[in-house]
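A.B. asks: just a sequence and a predicted model for now, questions to come.
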Amino acid sequence: MTLAVSASRVALHLAALMCVVAAWSPAVAATTLKATLISPEADARLERSRLERAFLGHPGGPAIDGVQLALDEGQFELQAVDVAVALSPQSAGTLEAARAAAQAAEKAGAAVLLTDLPADWTLAVADAVKLPVINLGDASDRLRQQDCRARLFHIAPSERMRSDALAQTLVARKWSKLLLLVGPSEQDRLRAATAQASIKRYGLQVVASKPFKLSADPRERDLANPLLLTAGSSYDAVWVVDSDGEFARGLPYRTVLPRPVVGDAGLVALAWHAQFERYGAPQVSRRFAKAAKRPMTAHDWSAWMAGKALVAIATAAPKGPGSAWAQALAKTPLDGSKGTNLSFRAWDGQLRQTLLLTDGQGVIAQAPVDGLLHPTNVLDTLGTDAAEKLCKATR
């Protein structure tokens with residue numbers, strides 16, 4: 001008898017527990033926004049040796065970490081309007097594979113594509129589908145200018161935005177005379193041209209421009225010698241353009257004159273730094289570090305913002321369809337924990353944003369700098385303004 005009573009009590013407790021679990025289990029959302037993240041299959045940026053060096057401005061891990069964090073944080077908002085976001089990560093080893101992955105995602109019902117791909121691959125994806133594509137990894141100005149696409153949006157700040165942020169900071173500190181050191185790659189050449197455009201815009205002066213090269217050839221040893229490269233000129237700062245990062249990281253405190261280094265080492269303009277201490281940024285960085293087991297980089301912030309963009313458009317148009325989500329992407333302001341609402345520019349699809357100036361240990365300043373004026377939005381002093389646009393696509 002006692003055993004029978006005990007068994008019945010256990011059954012009642014189990015039934016009650018099941019009811020509680022059922023009550024707290026999330027219901028299936030009425031609408032689901034499907035998104036696909038396409039990343040390189042063998043990403044050279046994420047090789048262990050590069051991750052260990054932790055060059056400023058370089059990725060610290062896969063983009064999925066930041067996107068997933070934003071989706072997890074947005075669950076309450078999504079559930080409140082009975083909508084869900086389903087993310088499907090895909091990898092591609094070639095441009096053709098990236099194009100095929102985009103087409104397959106569109107056929108599978110994806111409403112938005114996220115890309116963390118090289119510029120040419122990003123264009124191939126954008127041309128292969130009729131969906132909005134969010135570029136979260138490539139900073140090439142040509143994607144915002146002559147090679148822009150009507151449905152292509154950019155969260156990562158462009159190279160021009162980063163160089164403008166540096167130029168504004170140099171002007172604010174009255175470091176007007178610059179020694180420009182440029183690396184040997186084609187990417188370095190393009191980025192140096194962008195730097196010079198920013199230097200010209202803000203009235204700075206390049207007193208000398210010199211090439212550098214890291215080489216095992218004894219005949220080229222002088223091209224990697226900081227003392228030789230920084231001698232022979234009078235300057236207020238050294239601007240180094242080094243897309244690889246290896247030369248630049250050894251340049252500060254090794255110049256002939258005791259001058260600051262900016263560009264790809266010393267003082268660097270980034271979208272994010274884990275030591276940013278305003279506008280709720282420490283909480284964001286801590287949540288990311290807890291989830292990903294590593295510090296949050298600028299690349300991670302861009303991925304996190306891509307996830308926040310998905311949550312924002314899903315809640316702005318909870319019933320869809322895809323066309324409504326595409327329209328919401330262009331119009332919905334985003335909170336990036338930078339103290340102001342961020343939005344996509346109509347003329348090039350670039351996300352307006354403040355940038356952080358960091359030495360790697362902390363955030364030294366922000367751009368746009370205080371006191372700078374603009375007719376409509378001071379954030380448009382960073383990067384290509386409407387009057388300068390080369391983009392012919394109609395949004």
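C.D. replies: Okay, I see it.
A.B. asks: mind listing the helices for the protein?
C.D. replies: Assignment of helices within the chain using DSSP state H yields the ranges 2-24, 48-53, 64-73, 75-80, 95-107, 119-128, 159-172, 186-201, 226-229, 281-292, 298-316, 322-331.
A.B. asks: point out the other helices and strands that the third one packs with.
C.D. replies: When contacts are defined as 3 or more Cβ pairs under 8 Å, 6 or more residues apart in numbering; DSSP states H and E, helix 64-73 packs onto strand 31-40, strand 83-92, helix 281-292, helix 298-316. Yep, even glycine has a C-beta here, placed from its N, CA and C like the rest.
A.B. asks: likewise for the shortest one?
C.D. replies: Contact partners of helix 226-229 among helices and strands, from 3+ Cβ pairs under 8 Å, 6+ apart: none.
A.B. asks: what is the mean pLDDT for it?
C.D. replies: Here helix 226-229 scores 96 as its mean pLDDT.
A.B. asks: how long is stretch 229-239 end to end?
C.D. replies: Using Cα to Cα, to the nearest Å, the span of stretch 229-239 from its first residue to its last is 12 Å.
A.B. asks: how far does it sit from the chain's center?
C.D. replies: Centre-to-centre, stretch 229-239 and its host chain are 31 Å apart (Cα atoms, centre = their mean, to the nearest Å).
A.B. asks: which parts of it are buried?
C.D. replies: Applying a neighbour-count criterion of 16 or more other Cβ atoms under 10 Å, the buried positions in stretch 229-239 are 229-230, 233, 235-239.
A.B. asks: and residue 108, how many neighbours does it have?
C.D. replies: The local packing count at residue 108 equals 10, with neighbours defined by other Cβ atoms under 10 Å.
A.B. asks: tell me the contacts of it?
C.D. replies: Residues near residue 108 by Cβ atoms under 8 Å, 6 or more residues apart in numbering: 34, 36, 88.
A.B. asks: go through the residues you listed and name the one nearest residue 158.
C.D. replies: The shortest separation between residue 158 and any of the contacts of residue 108 is 23.8 Å, and it belongs to residue 36 (by Cβ to Cβ).
A.B. asks: need the CA coordinates for stretch 44-54. PDB is fine.
C.D. replies: Provided in PDB are the C-alpha atoms of stretch 44-54 (Å, rounded to 0.1, in the frame of the first residue of the first chain):
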ATOM      1  CA  ALA A  44      44.300  32.300 -44.000                       C
ATOM      2  CA  ARG A  45      43.400  35.100 -41.600                       C
ATOM      3  CA  LEU A  46      42.600  32.500 -39.000                       C
ATOM      4  CA  GLU A  47      45.800  30.500 -39.200                       C
ATOM      5  CA  ARG A  48      47.100  29.800 -35.700                       C
ATOM      6  CA  SER A  49      50.400  31.800 -36.200                       C
ATOM      7  CA  ARG A  50      48.400  34.900 -37.200                       C
ATOM      8  CA  LEU A  51      45.900  34.500 -34.400                       C
ATOM      9  CA  GLU A  52      48.800  34.200 -31.900                       C
ATOM     10  CA  ARG A  53      50.300  37.500 -33.100                       C
ATOM     11  CA  ALA A  54      46.900  39.300 -32.600                       C
END
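A.B. asks: who's in contact with it?
C.D. replies: Residues from elsewhere that reach stretch 44-54 (Cβ under 8 Å, 6+ apart): 58-62, 245-246, 249.
A.B. asks: swap the cut-off to 7 Å and go again
C.D. replies: Residues from elsewhere that reach stretch 44-54 (Cβ atoms under 7 Å, 6 or more residues apart in numbering): 58-62.
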